[in-house]
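**Q** After the sequence you'll find the predicted model.
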Amino acid sequence: MHISVMGELDSKAETDRLLECINENRGYEIHITFLDANIVTREIVEKIIKLQERNKCKVFVLKAYLYSYFLSLGIKCFFVKKKSILNKDWESNEKISCETFEPEKVEEFLRDIYDKYGFDFTEYRKDSIIRRIKISMLRYCITCFEEFRELALSDQDVFEQLFLDFSINTTNFFRDPEVFTFLKDRVLLCLDSYSHIKIWSVGCSNGKEPYSLAIILKELGMLHKVQIYATDINPYVIEEAKNGLYSIGTIDADIANYKNAGGSKNFTDYFDIAKNYIKVKDEFKENILFFQHSVIEKGILNEFQLILCRNVMIYFDIPLQRKVLRHFYNSLDAGGFLVTGKSEGLLLNDGYEYFVDYNERYSIYRRKN
Ligand SMILES: C[S@@+](CC[C@H](N)C(=O)[O-])C[C@H]1O[C@@H](n2cnc3c(N)ncnc32)[C@H](O)[C@@H]1O
């Protein structure tokens, strides 16, 4: 039996329909091709893993994001490249010319992307954006920026890949563990007097940051009164975060980070452990609301006591950092805390208009009253 799955599979009804089709198959080998999906739900992942354990399922994938997601969880799959963008020859001496990236042309391209696809990268740092465009051009064996620009604006698949290149999702459980220790010993204890606490994890990537926070809150006995809003511009990492499934490949580093962050139990107590992946226990999901949201969008999510925006503003130019910091000021309670990445500061972006240092070393600030 062969099932071709069209579309993103982003509703429960579509997921249920696929599971129904798989279940109707009654024991024969099944081949599933995912044509458009960049991510699938946890139910589908676990179903495929079970079938593959019995050698009953082959999987074909057209999207690079889903391909690497499946591989990270130990699902064997075949990556099918689209013909239309495969046919280009690449001479090894071909180089991308730097002159092609005139600033006005790049800005115009970013404005066109915003108009056509609704994602606003116009105020991201140009050096970082140009590096990402180059990576995408190499992927398609294109050396001329104008040619790539046309392609990205006419072919949704090419734009999608560029979007993924723009949104750098590197993260870890208990990333910078000493910051988590400080949060645990000082910031969260300071917030314990509140009967209800609202925390915003901005640019949460695939969820490892908000889950780390939830684990600490549980150990402090505070989780029941906390609501964590976890947002990211990238819809696929948000779905990954909701799934809460992670490769087991980094487990030693995860355990070390947890211990260095002052974790008092076993990291693995908070997960169900399978052969190739770990699954966050459901209890942590109740207090985390994951949703796609760009921090640049207007409209305030307000009255937080703590905002974490770590390793996100590093990609923004200074005027945009300024706007986002003002946004955080308006979204925080008086005396609320802001945590940025360790290499991100408030000196160049006028951040000290809105915040004062709480711990300079760990880039933790308090909102001015
Ligand atoms: C390097 S990761 C940092 C993840 C996590 N905060 C950490 O420090 O481990 C940066 C994340 O910011 C997200 N991001 C970039 N621009 C954003 C925006 N305008 N609004 C929300 N998230 C954004 C990216 O998609 C990416 O997942």
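**A** Nice, I can see it. Residues are numbered from 1 along each chain as shown.

**Q** contacts and neighbour counts: CA atoms only from here.
**A** Noted.

**Q** So the closest residue to Lys95 other than its chain neighbours, which state does it fall into?
**A** Using CA to CA, 6 or more residues apart in numbering and skipping residues adjacent in sequence, the residue nearest Lys95 is Thr143, 6.2 Å away. Look at Thr143: counting by DSSP: H, G, I helix; E, B strand; the rest coil, its state is coil.

**Q** So Thr143 versus Lys105, what's the distance?
**A** Plainly put, Thr143 is 15 Å away from Lys105 if you go by CA to CA, to the nearest Å.

**Q** and if you look at Glu123?
**A** Glu123 is 14 Å from Lys105, where distance means CA to CA.

**Q** repeat for Ile314
**A** Relative to Lys105, Ile314 is positioned 23 Å away (criterion: CA to CA).

**Q** burial measure for Lys56, as a count.
**A** For Lys56, the neighbour count with other CA atoms under 10 Å is 15.

**Q** Could you do Val237 as well?
**A** Neighbour count for Val237, taken as other CA under 10 Å: 26.

**Q** which parts of the stretch 201-350 of the chain sit against the ligand?
**A** Proximity of the stretch 201-350 of the chain to the ligand, by CA under 6 Å from any ligand atom, involves residues 202-205, 209, 232-234, 293-296, 309-312.

**Q** swap the cut-off to 5 Å and go again
**A** Gly203, Cys204, Ser205, Asp232, Ile233, Asn234, Ser294, Val295, Arg310, Asn311, Val312 (CA under 5 Å from any ligand atom).

**Q** Buried subset of these, written for ChimeraX?
**A** Buried members of these, defined by 16 or more other CA atoms under 10 Å, are picked up in ChimeraX with:
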select :203,204,205,232,233,234,295,310,311,312
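
**Q** need the residues of the stretch 1-150 of the chain near the ligand, please.
**A** So the stretch 1-150 of the chain never meets the ligand (CA under 5 Å from any ligand atom).

**Q** mind listing the strands for the stretch 1-150 of the chain?
**A** 2-5, 30-34, 57-61, 78-79 (DSSP state E, counting those that start in this stretch).

**Q** and those as JSON lines, adding mean neighbour count and mean pLDDT?
**A** What follows is these, written out as JSON lines (neighbours: other CA atoms under 10 Å; pLDDT from 0 to 100):
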{"stretch": "strand 2-5", "mean neighbour count": "14", "mean pLDDT": "94"}
{"stretch": "strand 30-34", "mean neighbour count": "19", "mean pLDDT": "96"}
{"stretch": "strand 57-61", "mean neighbour count": "20", "mean pLDDT": "96"}
{"stretch": "strand 78-79", "mean neighbour count": "15", "mean pLDDT": "96"}
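
**Q** so of the residues of the stretch 201-350 of the chain next to the ligand, which ones are in strands?
**A** Residues of these located in strands (DSSP state E): Asp232.

**Q** Which members of the residues of the stretch 201-350 of the chain next to the ligand are the farthest-apart pair?
**A** Asn234 and Arg310 (15.6 Å; CA to CA).

**Q** Comparing Ile314 and Lys105, which residue is more hemmed in?
**A** The neighbour comparison of Ile314 against Lys105 (other CA under 10 Å) goes to Ile314, with 17 against 14.

**Q** so how far is Ser363 from the residue nearest to that one when sequence neighbours are not counted?
**A** Closest residue in space to Ile314, ignoring its immediate chain neighbours: Glu344 at 6.4 Å, by CA to CA, 6+ apart. Distance of Glu344 to Ser363, given as CA to CA: 7 Å.

**Q** Can you give me the buried ones in the biggest strand by length in the chain?
**A** Criterion DSSP E: the longest strand present in the chain is strand 332-340. The neighbour-count check on strand 332-340 (16+ other CA under 10 Å) flags Leu332, Asp333, Gly335, Gly336, Phe337, Leu338, Val339, Thr340 as buried.

**Q** Flag the least confident of those residues.
**A** Lowest pLDDT within these is found at Gly335 (92).

**Q** I'd guessed that one sits against Tyr358; true?
**A** No - the pair Gly335 and Tyr358 does not pass the contact test of CA atoms under 8 Å, sitting 10.4 Å apart.

**Q** tally of neighbours for Leu346?
**A** Neighbour tally, Leu346, other CA under 10 Å: 20.

**Q** Spatially nearest residue to it (excluding sequence neighbours)?
**A** Nearest to Leu346 is Tyr352, by CA to CA, 6+ apart, at 6.2 Å.

**Q** Show me how far the lowest-mean-pLDDT helix or strand in the chain is from its chain's centre.
**A** Least confident helix or strand, the chain: helix 12-24 with a mean of 91, by mean pLDDT, DSSP states H and E. Remark: helix 12-24 is offset 26 Å from the chain centroid, using CA atoms, centre = their mean, to the nearest Å.

**Q** Give the buried residues for that helix.
**A** So helix 12-24, judged by 16+ other CA under 10 Å, has buried residues Thr15, Leu18, Ile22.

**Q** for those residues, which one is nearest Thr250?
**A** Nearest to Thr250 out of the buried residues of helix 12-24 is Thr15 (CA to CA; 28.8 Å).

**Q** Would you check that the closest one makes contact with Ala37?
**A** No - contact criterion CA under 8 Å: Thr15 and Ala37 do not qualify, at 11.5 Å.

**Q** and for these two, which residues touch both?
**A** Leu9 (CA atoms under 8 Å, 6 or more residues apart in numbering).

**Q** Buried ones in stretch 114-123, by neighbour count?
**A** Buried-residue list, stretch 114-123, by 16+ other CA under 10 Å: Phe119, Asp120, Phe121, Thr122, Glu123.

**Q** Closest one of these to Asp165?
**A** Nearest to Asp165 among the buried residues of stretch 114-123, with distances taken as CA to CA, is Phe121, at 12.0 Å.

**Q** Next, count neighbours for the closest residue to that closest one other than its chain neighbours.
**A** Using CA to CA, 6+ apart and skipping the chain neighbours, the partner closest in space to Phe121 is Leu110 (6.1 Å). For Leu110, the count of nearby residues is 20 (other CA under 10 Å).
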